[in-house]
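Compute the structure for the input listed below.
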Amino acid sequence: MEELEQIRGDAATVASATAAARTGLVDREVLVDVVVLCAVAREHVLVVGPPGTAKSEAIRRVARHLGESYFEYLIGRFTEPNEIFGPIDLTALRDGVVRVETSGMLPEAELVFLDEVFLGSTAILNTLLGLLNEREYRRGSTHVHSPLRTCVGACNVLPEDPSLAAFADRFLAHVFVDPVPDARLEELLELGWQGDAHQSEASPSSMAAELDRLSAAARSVELVDVVPLVGTAVRTLRTAGILLSDRRVVRAQRLVAAASVLDGRVRADQRDLWVLPLIAPTADAQALASEVLAELISSSSNLGLPHAAEAFSHGPAARAARMRNAALDLLADEHAADRALRAEALLREIDASFGPETLPADLAEIRSELASALPEMAGEPEAR
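As a prediction, the model looks like this:
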């Protein structure tokens, strides 16, 4: 019982940091959630989308709010390995010793973002394979046990070269981003004009201990209830024509386990199966996966990662969890200038999504509290 309370406390702390990282980002909440999921699962993320869609900003926010050591690089066709892994120690080289200075470089980072990752040379990609798989960096006399939790690779489009496609398969979770939709353009413009004014200047404490404990707990999660369901899901996906390597199928269990501990549980169940569409390799395959697995994953939810759970499951439970979190944030945020407008929009969304008979009890309670607080938010004397 004490261990479970520790896990729930760590999950709540990480959930709070994740929510802070999402603040000020428009339509990138899912990306933030998936990076945190993979940091706990110790798996890697591939982000596919056009330039200028705030991919790097979202990753930086995660690193900042989790207190992770961070390395970022835009790879080009002429990028040298020493720009990423560190320069050769010339003093040692004069003595015939090949030693790499890795301080401040990728081998010593916990969270890594590599933009245009597939433009890397063969030497870079081969070295990355060892780091991604074994968390080890070796060159000459240099041997580093890397603290890497997750590497986020980014590209504009998926590579067609079979050798690069094999490298892409090492990134278990794939996230596809598009420009912000028209419905949220005003929000984007307002937040873009404000810049970083909404971001706290204080540097958050490192959450290495919490993340380490959650990762360890994830490795011990009971999967007995979900293994048959995952097997059924994989057969359904393969029947639908979605090709999944055995490696991806096996490692998908790590995402299920990480989702479970981030929801404060040590026994995975059907609520955690929203992660399965993430392992489909293309945007079309992910959309098809969500469709053919709809019945299996519709009851998914995750209090810590509500945006990703809703996006991939399209289920009412995940939608309710996300709305509940949004309401709690609004009630706690007493200084936001647009608080009343956001509260009104959320109340309309709740009412449009759930009828009186289908509204979950916990969401109904928080909806009532939000409605009661709305006049004060709007500066009105009378109660609603």
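
in this structure, what residue sits furthest out from the centroid?
Relative to the centre of the chain, and counting by C-alpha atoms, centre = their mean, the farthest-placed residue is D95 at 45.2 Å.

A166 versus A209, what's the distance?
36 Å (C-beta to C-beta, to the nearest Å). C-betas here are computed from N, CA, C, even on glycine.

From I59, how far off is G67?
14 Å.

Show me which of those two is the more surrounded one.
Set G67 next to I59 and count neighbours by other C-beta atoms under 10 Å: I59 wins out with 26 against 17.

how about that one, what does it touch?
31, 35, 70, 72, 111, 113, 152 (C-beta atoms under 8 Å, 6 or more residues apart in numbering).

Which strand or helix spans it?
Element membership for I59 (DSSP states H and E) is helix 55-66.

Low-confidence ranges, the stretch 1-150 of the chain, go.
Of all residues in the stretch 1-150 of the chain, none has pLDDT under 70.

Do you have the helices of it handy? List them.
2-22, 29-41, 55-66, 82-85, 90-94, 122-134 (DSSP state H, counting those that start in this stretch).

Kindly report the same for the stretch 151-300 of the chain.
162-168, 185-194, 208-219, 227-239, 246-262, 283-292, 294-297.

List the buried residues in the fifth one.
Which is helix 246-262. Neighbour-count burial for helix 246-262 flags 248-249, 251-262 (criterion: 16 or more other C-beta atoms under 10 Å).

Output that helix as PDB, restricted to C-alpha atoms.
The C-alpha trace of helix 246-262 is given here as PDB (Å, rounded to 0.1, in the frame of the first residue of the first chain):
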ATOM      1  CA  ASP A 246       7.400  -8.200 -33.700                       C
ATOM      2  CA  ARG A 247       9.700  -5.700 -31.900                       C
ATOM      3  CA  ARG A 248       7.000  -3.000 -32.000                       C
ATOM      4  CA  VAL A 249       4.400  -5.400 -30.700                       C
ATOM      5  CA  VAL A 250       6.500  -6.600 -27.800                       C
ATOM      6  CA  ARG A 251       7.600  -3.100 -26.800                       C
ATOM      7  CA  ALA A 252       4.100  -1.700 -27.000                       C
ATOM      8  CA  GLN A 253       3.600  -3.300 -23.600                       C
ATOM      9  CA  ARG A 254       6.100  -0.700 -22.200                       C
ATOM     10  CA  LEU A 255       3.700   2.000 -23.300                       C
ATOM     11  CA  VAL A 256       0.700   0.200 -21.700                       C
ATOM     12  CA  ALA A 257       2.700  -0.200 -18.400                       C
ATOM     13  CA  ALA A 258       3.800   3.500 -18.400                       C
ATOM     14  CA  ALA A 259       0.200   4.600 -19.000                       C
ATOM     15  CA  SER A 260      -0.900   2.500 -16.100                       C
ATOM     16  CA  VAL A 261       1.600   4.000 -13.600                       C
ATOM     17  CA  LEU A 262       1.000   7.600 -14.800                       C
END
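
Show me what it is packed up against.
helix 2-22, helix 29-41, helix 208-219, helix 227-239 (3 or more C-beta pairs under 8 Å, 6 or more residues apart in numbering; DSSP states H and E).

Please identify the deepest-packed of these.
Highest mean neighbour count among these (mean count of other C-beta atoms under 10 Å): helix 29-41, with a mean of 27.

Now do that helix and helix 208-219, the angle between them.
80 degrees (axes from the mean of the first three to the mean of the last three C-alpha atoms, to 10 degrees).

Check which helices and strands helix 29-41 sits against.
helix 2-22, strand 45-48, helix 55-66, strand 150-155, strand 173-176, helix 208-219, helix 246-262, helix 306-313.

closest one to D284 among the ones you listed?
strand 173-176 (9.4 Å; C-beta to C-beta).

Identify the neighbouring strands of that closest one in the sheet and state each direction.
strand 45-48 (parallel) (DSSP bridges).

Just the CA atoms of the partner strand, as PDB, please.
Backbone C-alpha positions of strand 45-48 (Å, rounded to 0.1, in the frame of the first residue of the first chain) are rendered in PDB as follows:
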ATOM      1  CA  VAL A  45       9.200   9.200 -30.200                       C
ATOM      2  CA  LEU A  46       9.200  10.200 -33.900                       C
ATOM      3  CA  VAL A  47       7.400  13.400 -34.700                       C
ATOM      4  CA  VAL A  48       6.300  14.000 -38.300                       C
END
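
Figure out how far it is from the centre of its chain.
10 Å (C-alpha atoms, centre = their mean, to the nearest Å).

Likewise for stretch 329-346?
25 Å.

Mind listing what's buried along that stretch?
Buried, per 16+ other C-beta under 10 Å, within stretch 329-346: 329-331, 336, 339-340, 342-343, 346.

mean pLDDT for the helices of the stretch 151-300 of the chain: which is lowest?
Across the helices of the stretch 151-300 of the chain, helix 185-194 has the smallest mean pLDDT, namely a mean of 77.

Show the contacting residues for A318.
So A318 contacts 274, 300-302, 306, 309-310 (C-beta under 8 Å, 6+ apart).

For stretch 345-356, which outside residues touch it?
316, 319-320, 323, 326-327, 330, 359-360, 363, 367, 370-371, 374.

can we see that at 7 Å?
For stretch 345-356, contacts defined as C-beta atoms under 7 Å, 6 or more residues apart in numbering pick out 319, 323, 326-327, 330, 363, 367, 370-371.

T53 against P179, yeah?
Yes - using C-beta atoms under 7 Å, T53 is in contact with P179, at 6.0 Å.

out of these two, which sits in the more crowded spot?
T53 (19 against 13).

what's the more buried one sitting at in phi/psi?
Note on T53: its backbone torsions stand at phi -110, psi 30 [degrees, to the nearest 10].

Give me the domain ranges for the chain.
2-185, 318-378 (automatic domain parsing).

A268 is nearest to which of those domains?
Across those, closest to A268 is domain 2-185 (C-beta to C-beta), at 12.1 Å.
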